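Asks: Return a 3D structure for these sequence lines:
(one chain, ligands or ions: 2)
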Amino acid sequence: MGQFYREKHIAYVQSLDKKQDELEYWLSEHLRMNGIYWGLTALQLMKAGDALPRDEMIAYVLSCQHANGGFGAHPGHDAHILSTLSAVQILFMQDALDRIDADAVASYVAGLQRPDGVVAGDEYGEVDTRFVYVALNCLSILGKLDRLDVDGAVGFIDRCKNYDGGYGMVPGAESHAAQIFTCLGALAIAGRLDLVDRDLLSWWLCERQLPTGGLNGRPEKLPDVCYSWWVLSSLDMLGRVDWVDGAALREFILGAQDDEAGGMADRAGDVADVFHTCFGVAGLALLGHDGLDAVNAVYCLPQRMMGRVATPAPPPPWAAE
Ligand code: 3PZ
Ligand code: ZN
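Replies: Ligands and ions are numbered 1, 2, ... in the order given. Just a heads-up that it's a prediction; the model follows:
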C-alpha cells in the first residue's frame, strides 16, 4: 500500500500562503477565497487546522464582504455566490460565524434566486444547478434555509434529471459527475433524496471507475483525483460507497501525490494544486484512510463540526434499511 505524505501536504498548503510576494502566487485573485477554503479543508481533514494563521484568515475574509452581504474572492472584487459560500465555510470551520451578520448574507444569497426556483451565481445572472446547491449549503449552515424557496429549488433540480439517472447543469444537459454531486447535495439538504433514481444512478456512478482504480466524470474521459470526491461523495449520499473498489481508488489517489514538494495533482505525473489536494484528501477521508478525520459527503466539511450546522441535512429515506 502506498504512503500518505501528511507532513509534506501540510507544508505544501502553508507554502502557498507564503508566496504572496511572488509572481506565481498560489491562485489568481479571482479564486483566492475558494483557495483558502480548499487549503483549510485539506488541513482540517489532516488534523492540522491550526497550520494557517487564524486571525489573519478571518480578517482577510471579512475584508472581502460587500454592503449587499455577499463576499468577493479578494478585496475589491465583485460579490459572487461561490466566494460567499467559501467565506461562510471558512468562518464556520474557524468557529467565527458570529463575526458576520447572517441575515445580510442570507439576503444576498436568497436574492439570487429566480421565480422558477433556479439560483444565479451573481447579479449578472448565469444560472445552473451548482448555484442551487451553493445557496442551500450556505443558508443551511447559517440557519436561514427559510429565506429560500426550497420547493422551487428542488423542482429545478428535478427538471435536470436525465434518463440515465444522472443530472446535468440545466434541463436537457448531459449527466456529469460534478453536477450529480451538486444535485444530490442540494436534494440531501432539502430532505428530498426520495426523488433520486437510486439504483440507476448508483450504477452510472460506479461505472466511472477505470481499470487504473481512478474515477472519471463521464464516459470516455480520463480519470481525475477530483472525481474521487464528486463520485464517491455522491455514492456516499446514496449509501453505496462500497460499490467502488476502495483499495484501487486509494492507490490511484496516492499515486497523484507530489512526494517531494507535497500536494496532489489531477493524476500521477501532473503538477499539484490546492484544489486537487483538497478533494484528494477528502476522497481518502471518505475511504476511511488512517489518520484522517471523517468528512461529511454533503458539505465537504469535517464530520466532527456538523453538529454546529444550524439546519443540517436530514437522513436519507434508505437510512432506516
Ligand atoms: C480547477 N475551477 O474553473 S476553475 C479549479 N478546475 O476555477 C481550481 N479538474 O487551471 C484549481 N480540471 C485547478 N488550484 C483546477 C477550480 C474548476 C475546476 C479545473 C479542473 C479540475 C480538472 C480541468 C471548476 C469548484 C469550483 C470550481 C470548479 C469546480 C469546483 C484552472 C482551470 C479551471 C479553474 C481553475 C484553474 C487548470 C486549482
Ligand atoms: Zn480535477
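Asks: May I have the residues that are in contact with the closest residue to Met264 other than its chain neighbours?
Replies: Counting by CB to CB, 6 or more residues apart in numbering, Gly280 is the residue found nearest to Met264 once chain neighbours are left out, at 3.9 Å. C-betas here are computed from N, CA, C, even on glycine. Counting by CB atoms under 8 Å, 6 or more residues apart in numbering, Gly280 touches Val225, Cys226, Ser228, Trp229, Ile253, Ala256, Gln257, Met264.
Asks: Could you rerun that using 6 Å?
Replies: Counting by CB atoms under 6 Å, 6 or more residues apart in numbering, Gly280 touches Val225, Ile253, Met264.
Asks: Now Val281. Nearest residue, chain neighbours left out?
Replies: Using CB to CB, 6+ apart, the closest residue to Val281 is Ala42 (4.6 Å).
Asks: pretty sure that neighbour contacts Cys278?
Replies: Yes: under the criterion of CB atoms under 6 Å, Ala42 makes contact with Cys278 at 4.5 Å.
Asks: returning to that earlier point: quick one: residues contacting the residue nearest to Val281.
Replies: Val13, Thr277, Cys278, Val281.
Asks: now with 10 Å?
Replies: 9-10, 12-13, 48, 51, 263-264, 274-282, 285 (CB atoms under 10 Å, 6 or more residues apart in numbering).
Asks: is any part of the lowest-mean-pLDDT helix or strand in the chain close to ligand 1?
Replies: Across the helices and strands of the chain, mean confidence by mean pLDDT, DSSP states H and E is lowest for helix 6-17: a mean of 94. No: on the criterion CB under 6 Å from any ligand atom, helix 6-17 is out of touch with ligand 1, staying 9.2 Å away.
Asks: Start the count at 537 instead of 1 going forward.
Replies: Okay, residue one is now 537; in that scheme the one you just asked about reads as helix 542-553.
Asks: Identify each buried residue in that helix, please.
Replies: If you call a residue buried by 16 or more other CB atoms under 10 Å, then helix 542-553 has these buried ones: Arg542, Lys544, His545, Ile546, Tyr548, Val549, Gln550, Leu552, Asp553.
Asks: can you give me the strands in the stretch 687-836 of the chain?
Replies: Assigned by DSSP state E, counting those that start in this stretch, the strands in the stretch 687-836 of the chain fall at 831-832.
Asks: what does it put close to ligand 2?
Replies: For the stretch 687-836 of the chain, the contact set with ligand 2 under CB under 5 Å from the ion comprises Asp760, Cys762, Asp802.
Asks: and these, which are buried?
Replies: Using 16+ other CB under 10 Å as the burial test, those include Asp760, Cys762, Asp802 as buried.
Asks: Pipe those into TSV and attach pLDDT and distance to Ser599 per row.
Replies: Shown next, in TSV, are these (pLDDT from 0 to 100; distance: CB to CB, whole Å):
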residue	pLDDT	distance to Ser599
Asp760	98	33
Cys762	98	29
Asp802	97	32
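Asks: and of those, the nearest to Phe717?
Replies: Top of the list for closeness to Phe717, among those and by CB to CB, is Cys762 at 10.1 Å.
Asks: tell me the contacts of Gly791?
Replies: By CB under 10 Å, 6+ apart, Gly791 lies in contact with Gly538, Thr748, Gly749, Gly750, Val761, Met800, Ala801, Arg803, Ala804, Gly805.
Asks: cool, and Asn698?
Replies: Residues near Asn698 by CB under 10 Å, 6+ apart: 704, 707-712, 715-716, 733, 736-737, 740.
Asks: What separation is there between it and Lys757?
Replies: Asn698 sits 17 Å away from Lys757, taking CB to CB, to the nearest Å as the criterion.
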